[in-house]
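> The following block contains a protein sequence and its predicted model.
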Amino acid sequence: MSKTLSFQAEVAQLLKLVTHSLYSNPEIFLRELISNASDACDKLRFEALNDAGLYETDAELKVRVSFDKAAKTLTITDNGIGLSQQEAIDNLGTIAKSGTRDFMAKLSGDQKNDAQLIGQFGVGFYSGFIVADKITVESRRAGLPASQGVRWSSDGTGEFEVTEIERTERGTSITLHLKEDSLDYLNAWKLKGIINKYSDHISLPIMMEKEEWKEGENDQPGEMAKTGDWETVNQAAALWTRAKKDITQEQYDEFYKQISYDSQAPLATTHNRVEGATEYTQLLFIPAKAPMDMFNRDKAAGVKLYVKRVFIMDDAQALMPTYLRFVKGVVDSSDLPLNVSRELLQESRAVKAIREGCTKRVLSMIEDLAANDAEKFATFQAEFGAVLKEGLGEDFANRDRLAKLLRFTSSTTDTATVSFADYKARMKEGQDAIYYITADTLAAAKSSPQLEIFRKKGIEVLLMADRVDEWALNYLHEFDGTPLQSVAKGAVDLGKLQDEDEKKAAEEAQTQFKPMLDKLKDALKDKASDVRATTRLVDSPACLVVQDGDMSTQLARMLKQAGQAVPEIKPILEVNAQHPLVKKLEGSEHFEDLANILFDQALLAEGGMPSDPAAYVKRVNTLLL
């Protein structure tokens, strides 16, 4: 006896949404239906704990995928818990209601922990209408007699038909009558590819009938023919769900290569099960080589997200901060909330907890490399050190941990990079700041005029030539209580490291050369905000600095190159009053030309370019002649 019933009003609206706009990638219908089949098997496994008879004569849980080219149908079959007639009416005619949600609500106490693998169906079943113009469901609930099977069918328009049938097998078969534009899913190779992509780590075997090549007869072309034997087409065991003691490093390495398409083994691996308010498993890797587009922050990046071993998305950016975008791996959540398409994460406390947990775990991996494997840590710094610095401005909670992991070239050694802690340990007595300089290139930093007084006194300066350095250091003003000071910002003040005679000489120079300094300031009023005598120069005639807190000329150039609007910056010209070229200025008939050359050469020395290169060349040529 058949009954024709109407869909719940919300279902009719949902079907229109699903078939027209909800899923941008139509192949995920197979993921949804296999996920539901897996959930049905998990539910049977749980109920059978108290009633083993529910297994009947078939205790081997599995999912089968088959197709019929002649009938243009694709069928997904499971031997899970199945549906009674009333459950079919309730669960397949009402939005976001599969029975699992009601089932979970009945559990209490310790049962909830045992049932964590039982999924909550959403609207995944209706995704079948993306590729099918009719869906037929045949099912029998475990424990009911064969005569109480049910057939449910609908074309997805507004009604569905329910009929009582004879069904020997326990479980559910969902048959999709494919649309003409979806007949390419009648292909074993394509179906296996989708299963491997989305459902490879479902813990149940997903089976398909084997095929072999059959030669054609009477000049007819050959074709693939089914053999009647079934084979498992997924791994049927998620690597990250297994105990760490049962997994070798070689297996971890091979899994990393599979998900990252990398030919090299990773630098570091971490595998953990996190329990508490939010439960999830993380299997994360640090690659040995940075990708070509590492500094493209707009590129989709992130770990793979699974929920109960069902693949959701490749690049779950919400689960890892942008400055750790090089990390590869898998996060498998037991309770992460998803939207109807499972394609986008909803921002929630669970998401935040997973993100924080993954961040701390990755930083722990890097710290372990720093402490125990100098060679691998050096590789990490060379490949990812620059992008890690972005975290200073993005991750306030972990700023101190990040600062300890940063490494820089030093003015006192060419053999190795140094940390802030290394620098502090060898600071001179009386030194009260960590000195650094940023530049466009390492060569420009090493030869910068601003370093001359520091070299003369043997004071170490950290050389920073990564493009991100200037921006990142705006967010780090001290390390372990010691302030950071740019040698190219503010007046040079070496405090106790400068003797009284030097301080007195500097004050006298400022007074003695005041007329010439005022004249220089007037000549360069369009270029420099001030001109002053300095003690920071030893061999060079002049250098450019900016006020403490102002944007450096290097950062301004970088922002301009990136197309950003930058406020006009007038640096301060500092001159070495004892230099022959500066002394020659006094009384020179070419004072203005010499003043401009002095400024432009100071700009060139720090990697900049004169605003009018042709005028600079003309002035130099005039003086040469």
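Perfect, I can see it now.
> End to end on stretch 296-313, go ahead and measure it.
Terminal residues of stretch 296-313 are spaced 20 Å apart (Cα to Cα, to the nearest Å).
> Report the mean per-residue pLDDT for it.
For stretch 296-313, the mean pLDDT works out to 74.
> can I assume residue 536 sits in a strand?
No - assigned with DSSP: H, G, I helix; E, B strand; the rest coil, residue 536 falls outside any strand and is coil.
> so what's it up against?
449, 450, 452, 453, 487, 492, 543, 574 (Cβ atoms under 8 Å, 6 or more residues apart in numbering). Any C-beta I mention is one placed from the backbone N, CA and C, and that applies to glycine too.
> distance of it from residue 546?
Going from residue 536 to residue 546 by Cβ to Cβ, to the nearest Å gives 14 Å.
> go on, residue 520?
In terms of Cβ to Cβ, residue 520 sits 18 Å off from residue 546.
> Look at these two and report which has more neighbours.
residue 520 (26 against 21; other Cβ atoms under 10 Å).
> Need the pLDDT of the more buried one.
In this model, residue 520 carries a pLDDT of 88.
> Leaving out sequence neighbours, find the closest residue to it.
For residue 520, ignoring the flanking residues on the chain, the nearest one in space by Cβ to Cβ, 6 or more residues apart in numbering is residue 531 at 4.4 Å.
> could I have the helix or strand that contains that neighbour exported to CSV, CA atoms only?
Using DSSP states H and E, residue 531 sits within strand 530-533. Only the C-alpha atoms of strand 530-533 are listed here, as CSV (Å, rounded to 0.1, in the frame of the first residue of the first chain):
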residue,chain,number,x,y,z
ASP,A,530,66.4,69.0,10.2
VAL,A,531,70.2,69.0,9.9
ARG,A,532,72.4,68.3,12.9
ALA,A,533,76.0,67.3,13.8
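> Start at 25, not 1
In the new numbering, first residue 25, that becomes strand 554-557.
> quick revisit: is the residue nearest to residue 544 bridged to anything, and to what?
Assessed by DSSP bridges, residue 555 has beta-bridge partners residue 597.
> where along the stretch 25-174 of the chain do the helices fall?
Along the stretch 25-174 of the chain, the segments classed as helices by DSSP state H, counting those that start in this stretch run 33-41, 52-71, 109-116, 124-130, 135-138.
> for the stretch 475-624 of the chain, that is, sorry about that
Under DSSP H, counting those that start in this stretch, the stretch 475-624 of the chain gives helices at 476-480, 493-496, 524-536, 538-547, 577-585, 604-609, 615-629.
> tell me the most buried of these?
helix 493-496 (a mean of 22; mean count of other Cβ atoms under 10 Å).
> I would like the residues contacting that helix, please.
413, 414, 416, 417, 462, 488, 576, 578, 579, 582.
> Let's see that with 10 Å instead.
347, 410, 412-418, 426-427, 430, 432, 460-464, 469, 486-488, 490, 510, 575-583 (Cβ atoms under 10 Å, 6 or more residues apart in numbering).
> Give the residue spans of the stretch 425-574 of the chain that score low on pLDDT.
439, 514-527, 530, 573 (pLDDT under 70).
> Repeat the analysis, applying 50 as the threshold.
Scanning the stretch 425-574 of the chain for pLDDT under 50 picks out no residues.
> And the chain, by the same measure?
For the chain, the stretches with pLDDT under 50 are 46, 120-128, 131-146, 362-367.
> The longest helix out of those in it: which residues count as buried?
Ranked by residue count, the top helix of the chain under DSSP state H comes out as helix 373-396. Neighbour counts using 16 or more other Cβ atoms under 10 Å place 374-375, 377-379, 381-383, 385-387, 389-390, 393-394 of helix 373-396 among the buried residues.
> Only alpha carbons, please: show it as PDB.
Taking Å, rounded to 0.1, in the frame of the first residue of the first chain, the C-alpha atoms of helix 373-396 are listed here in PDB:
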ATOM      1  CA  ARG A 373      34.100  28.800  20.600                       C
ATOM      2  CA  ALA A 374      35.100  25.400  19.200                       C
ATOM      3  CA  VAL A 375      36.800  27.000  16.200                       C
ATOM      4  CA  LYS A 376      38.700  29.400  18.500                       C
ATOM      5  CA  ALA A 377      39.800  26.600  20.800                       C
ATOM      6  CA  ILE A 378      41.100  24.500  17.900                       C
ATOM      7  CA  ARG A 379      42.900  27.400  16.400                       C
ATOM      8  CA  GLU A 380      44.600  28.300  19.800                       C
ATOM      9  CA  GLY A 381      45.500  24.600  20.300                       C
ATOM     10  CA  CYS A 382      47.000  24.200  16.900                       C
ATOM     11  CA  THR A 383      49.000  27.400  17.200                       C
ATOM     12  CA  LYS A 384      50.500  26.300  20.500                       C
ATOM     13  CA  ARG A 385      51.300  22.900  19.100                       C
ATOM     14  CA  VAL A 386      53.100  24.300  16.100                       C
ATOM     15  CA  LEU A 387      55.100  26.700  18.200                       C
ATOM     16  CA  SER A 388      56.100  23.800  20.500                       C
ATOM     17  CA  MET A 389      57.400  21.900  17.400                       C
ATOM     18  CA  ILE A 390      59.500  24.900  16.300                       C
ATOM     19  CA  GLU A 391      60.800  25.300  19.900                       C
ATOM     20  CA  ASP A 392      61.800  21.600  20.000                       C
ATOM     21  CA  LEU A 393      63.700  22.000  16.700                       C
ATOM     22  CA  ALA A 394      65.500  25.100  18.200                       C
ATOM     23  CA  ALA A 395      66.500  23.200  21.400                       C
ATOM     24  CA  ASN A 396      67.300  19.800  19.900                       C
END
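> Now find how far off-centre that helix is within its chain.
13 Å (Cα atoms, centre = their mean, to the nearest Å).
> cool, and stretch 58-75?
Worked out by Cα atoms, centre = their mean, stretch 58-75 lies 34 Å from the chain centre.
> Cheers, nothing more for now.
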